[in-house]
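# Kindly generate the corresponding structure for this input.
(one chain, ligands or ions: 1)
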Amino acid sequence: MKKSTLSDPFKEAREGKGFGEMNDQNDPVVMVLGHKDVRKCAHNWKTFQSGGEEVGRIVIPSEVHIRETRQIPFEVDPPEHKGYRDLLDPWFKRPLEDAYQAQLTDIINGVVDEALEKGSLEVVEEFSLKLQSRALTLLLNIPYEESELWISWGTHVFRSEDTALDADKANILYDYIDAQIDKAIANPGDDLYSVLLASEVHGKKMTKEEVKGVLVLTFAGGRDTVINAVTNSIAYFADHPASLQRLRDEPEIMNTAIEELIRYFSPLTQMGRVVTEDTQVCEHAVKAQSRISMCWAAANRDERVFENANEVVLDRKVNPHVAFGFGTHNCLGATHARQIMKVLLTTLTQKVKSMEILGCKENIEDLDEFERKVGFDSIQVKFNKL
Ligand code: EMZ
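Okay, here's the model as predicted:
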């Protein structure tokens, strides 16, 4: 098996009963696995809630013990959700602008050039984390230099090497965002903090706590997900030089290839919801106040929807993947993520002849019944110039 392979641990359960079960910090989760069921649950926000009293509970592993700030719009249900989303959507679509893309290209060129100069490097810390942090300065519209601090935080803002949920680490992020909000109040500019502080939602000025909620989501939600997508891309093209050559020869399949890689990688395994009334999923009873999850990674390998689901088919024609979620809460950062992938793959085709995996440590999520490889903790790769 190639080092870049991400296998499907959910097949048997998905094709059998359609769901799995895991115990997350004594708050069990019924994991919905099939594509159709996942979409149905994501659509039904009345029965499967994102908001609710306990902030952080829809994330798996649950963040109730490390977070008090509600992430916005992610932990708000309709109809309130719409007001926030309408405000945020245009800002998060800025990656479609030419000037944004030009700056993103500079950033990614820089990271790839550094890799080529070094010859070989550890991709998670020295490539993907840098790329993600530097690109985030564009999304927030703040100076590039700020990324140095974020890089020093390491790959996950809530997880450290030996603790899945590290409250001390989380506090670094919360204190930082509080301080940035105060700075923006004292000295407003054209960054995301200032823009939100000056905005109204539902006829009222955004509060500091609401602005913090948007920023915590932007920092946390787009961090390990983007890092996994970038690292997995490097590993995939290192293992499949003919695919890199194909993208060089057929740039017209670029967008299709990106969707397919994102489907295959599914950087976010699952997202939870809180059940509001006694009901059923996959003919299995679930109680009010319990949790379900929509397992995007399992749905994206559903053979009823994706032929050869375990293969990367770069020109896959129909690809209704749910790697960015589905319905009301589909990923706010998806435009930014897609542009990162596009510029990254284009730059690789222009500058890199081949890559070689020298060694790696896989990042395996422990989901009780299932173990899922989501990427790498570390991966040493040699880059060869074109
Ligand atoms: C939350 C989540 C959002 C959560 C789209 O995903 O990502 C996780 O990595 C964070 O820990 O807080 O933002």
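
# any weak-confidence spans in the protein?
Along the chain, segments meeting pLDDT under 70 span 161-162.

# Nearest to the spatial middle of it, which residue is it?
By C-alpha atoms, centre = their mean, the chain has its centre lying nearest to T225, at 3.1 Å.

# can you tell me how far whatever residue of the stretch 251-386 of the chain ends up closest to the ligand sits from A323?
Closest residue of the stretch 251-386 of the chain to the ligand, C-beta to the nearest ligand atom: L268 (5.5 Å). All C-beta atoms are positioned from the backbone trio N, CA, C, and that covers glycine. L268 is 7 Å from A323, where distance means C-beta to C-beta, to the nearest Å.

# What residues does the stretch 51-200 of the chain have near the ligand?
By the rule C-beta under 6 Å from any ligand atom, the part of the stretch 51-200 of the chain lying against the ligand is V59, E63, Q71, F74, F158.

# Quick one: classify the first one as helix, strand or coil.
For V59, the reduced secondary structure class is coil; criterion used: DSSP: H, G, I helix; E, B strand; the rest coil.

# which residues does the closest residue to it other than its chain neighbours form a beta bridge with?
Excluding the flanking residues, the one nearest V59 by C-beta to C-beta, 6 or more residues apart in numbering is G272, at 6.6 Å. Under DSSP bridges, the beta-bridge partners of G272 are S293.

# rewinding a little: I'd say the residue nearest to the centre of the chain and A337 touch.
Yes - the criterion here is C-beta atoms under 8 Å, and T225 meets it with A337 at 7.4 Å.

# Give me the buried positions along the host helix or strand of A242.
Using DSSP states H and E, the element containing A242 is helix 241-249. Across helix 241-249, burial judged by 16 or more other C-beta atoms under 10 Å covers L244, R246, L247, R248.

# Please apply the same query to stretch 93-107.
Here stretch 93-107 shows R94, P95, Y100, Q101, Q103, L104, T105, I107 as buried, counting by 16+ other C-beta under 10 Å.

# For the residues you listed, give me TSV that also has secondary structure.
Listed next are these as TSV, based on three-state DSSP:
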residue	secondary structure
R94	helix
P95	helix
Y100	helix
Q101	helix
Q103	helix
L104	helix
T105	helix
I107	helix
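
# Could you dump those into CSV and include distance to T207?
Shown next, in CSV, are these (distance: C-beta to C-beta, whole Å):
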residue, distance to T207
R94, 24
P95, 27
Y100, 28
Q101, 33
Q103, 31
L104, 31
T105, 37
I107, 32
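
# of the residues you listed, closest to A298?
For these, the closest approach to A298 (C-beta to C-beta) belongs to P95, at 28.6 Å.

# mind checking how far that closest one is from Q339?
Using C-beta to C-beta, P95 is found at 4 Å from Q339.

# what residues are shared contacts of the two?
Q101, L104 (C-beta atoms under 8 Å, 6 or more residues apart in numbering).

# What ranges does the stretch 251-386 of the chain have for its helices?
Applying DSSP state H, counting those that start in this stretch to the stretch 251-386 of the chain gives helices spanning 254-265, 296-299, 334-351.

# by contact count, what packs against the longest one?
Yep, that's helix 334-351 we're talking about. Contacts defined by 3 or more C-beta pairs under 8 Å, 6 or more residues apart in numbering; DSSP states H and E place helix 334-351 against helix 98-118, helix 129-140, helix 224-239, helix 241-249, helix 254-265.

# Are that helix and the ligand in contact anywhere?
No - interface with the ligand: helix 334-351 contributes nothing (C-beta under 6 Å from any ligand atom), its closest point being 9.9 Å away.

# now, the most widely separated pair of the residues of the stretch 51-200 of the chain next to the ligand?
It's F74 and F158 that sit farthest apart of these, by C-beta to C-beta, at 14.2 Å.

# what's around the residue in the stretch 1-150 of the chain that the ligand sits nearest to, how many residues?
With C-beta to the nearest ligand atom as the measure, V59 is the residue of the stretch 1-150 of the chain nearest to the ligand, at 4.6 Å. Neighbourhood size, V59 [other C-beta atoms under 10 Å]: 24.

# That one against Q270, yeah?
No - between V59 and Q270 there is no contact under C-beta under 8 Å: 9.6 Å.

# ok, the closest residue to the ligand within the stretch 101-250 of the chain - contacts?
Nearest to the ligand, among the residues of the stretch 101-250 of the chain, is G221, at 3.3 Å (C-beta to the nearest ligand atom). Applying C-beta under 8 Å, 6+ apart to G221 gives the contacts Q71, F74, C331, L332, G333.

# distance from the centroid: which residue in this structure tops it?
The centre of the chain is farthest from one residue, A186, which by C-alpha atoms, centre = their mean lies 32.1 Å away.

# what about it, distance to L197?
Note on A186: its distance to L197, by C-beta to C-beta, is 11 Å.

# Give me the three-state assignment for K2.
Assignment for K2 (three-state DSSP): coil.

# you'd agree it is up against D239?
Yes - the pair K2 / D239 is scored as a contact, 4.2 Å apart, by C-beta under 8 Å.
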